[in-house]
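A.B. asks: what's the 3D shape of this:
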Amino acid sequence: MQPNITEYYGSALELQVLTDFAHAVPGIVVCVIALLFLFSELGYKRKQISTFYSIVFMAMPVSFISYILFGHGLQNTIPILRLIITAPEVYLHIFTLIGNLIGGIGEISYVRGKIKAPLGALLFPVLFLMDGYLSILHPHGSHGHGDIFHNLYGSIMVLTGLLMITARLIQQVAIKKYFIYATAFTMFIAGAMLVSYSEPDDSFQNAFFKQETADVYYPDQDKLYIYLTETGVFPKEIQVKIGTEIIFTKLDDILLDLESGPHPAHDAFPALNVGRLDLYESKSVVMNQIGDFGFHDHVNPDSENFTGSIKVIESPSSEDNEN
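C.D. replies: Numbers count the residues shown, from 1 in each chain. As a prediction, this is how the structure comes out:
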């Protein structure tokens, strides 16, 4: 049986917090290393500083990969490996971290004279090229979130690698230093992007989807997901407080035109006229009117599986809470 990420994380929010942390910490590290790289390349204690930032680069993949593989217990190492192999958004990051490890070892070996060949100077820049390229390849999640971010970040990392290679190949000091400045600048920008990035709120909701067929009461939630699947909509009958944001998310490739009641006017609550969604696409509707509002599939209005209702109330009563 194929392992599922929900076996190791309790909620989509927990996974979101982890991924935000996994972006922010490397981002801070890259910003710091940009400054250290600048001092090192300009000749200030080059051997010591280069060794230090290379060790930091190597510490990131060792700690992260160790956490991924062993953080949920040794007994889960094999299932997690299977999960990684089938999830490109995970294994591409693993490849990036392996590139960091190789680049860090290469940089230390070069600056300490262990690698005599001039090409040794290019081992460290290659990790930026690899990081950038893999970021561009990143599938960006089922919703397409982060396309612009990952492509822009990847392009900046590739540019950083190219600038670093140029700086190390140029012999003229006057020209060389400008490429060093440019390399440190783009590296810092890439790090700042990682620090500022956060996953969209619904990035991992699909993974935690559970079919709910009974009536569901959500008195306190400000946001609620309704999933459109090949077997129907889940949940179907819900009650929420006014102002709740309802997010319709399509999980299967089905022909579906979701509209509000009554059929065929669809004018009881026009905001619920979601229409046709692409696979994994979402649409948000704010329930800002008290009342009972139905929705159905306009293509097949008699289908009970794709018919549901949303009751909007002013505020939950103590009696409702007990129910």
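A.B. asks: mind listing what K114 touches?
C.D. replies: I108 (Cβ atoms under 8 Å, 6 or more residues apart in numbering). In short, each C-beta sits where N, CA and C put it, glycine included.
A.B. asks: doesn't it fall inside a helix?
C.D. replies: No: counting by DSSP: H, G, I helix; E, B strand; the rest coil, K114 falls outside a helix, being coil.
A.B. asks: any idea how far F124 is from it?
C.D. replies: Distance, K114 to F124, by Cβ to Cβ, to the nearest Å: 14 Å.
A.B. asks: Could you tell me how many residues sit around I290?
C.D. replies: 12 (other Cβ atoms under 10 Å).
A.B. asks: for it, phi and psi?
C.D. replies: phi -80, psi 140 (degrees, to the nearest 10).
A.B. asks: Let me know the secondary structure of the closest residue to it other than its chain neighbours.
C.D. replies: Nearest residue to I290, sequence neighbours excluded (Cβ to Cβ, 6 or more residues apart in numbering): V312, at 5.2 Å. Following three-state DSSP, the label given to V312 is strand.
A.B. asks: quick one: buried residues of stretch 13-25?
C.D. replies: Neighbour counts using 16 or more other Cβ atoms under 10 Å place 15-16, 19, 22-23 of stretch 13-25 among the buried residues.
A.B. asks: Distance check, the residue nearest the centre of the chain against H138.
C.D. replies: The chain has E199 as the residue nearest its centroid, 5.0 Å off, counting by Cα atoms, centre = their mean. To H138, E199 is 13 Å away according to Cβ to Cβ.
A.B. asks: cool, and L13?
C.D. replies: 22 Å.
A.B. asks: can you check F204 too?
C.D. replies: From F204 to H138 the distance is 15 Å (Cβ to Cβ).
A.B. asks: So between these two, which is more surrounded?
C.D. replies: Neighbours per residue (other Cβ under 10 Å) separate F204 from H138, with F204 holding more: 22 against 19.
A.B. asks: thought that one was touching Q16?
C.D. replies: Yes: the pair F204 / Q16 is scored as a contact, 5.9 Å apart, by Cβ atoms under 8 Å.
A.B. asks: Tell me how many other residues crowd the residue nearest to G27 when sequence neighbours are not counted.
C.D. replies: The shortest distance from G27 to any non-neighbouring residue, by Cβ to Cβ, 6+ apart, is to L194 (2.8 Å). A total of 19 residues lie near L194 under the criterion other Cβ under 10 Å.
A.B. asks: I'd say L194 and P26 touch.
C.D. replies: Yes: counting by Cβ under 8 Å, P26 is a contact partner of L194 at 5.8 Å.
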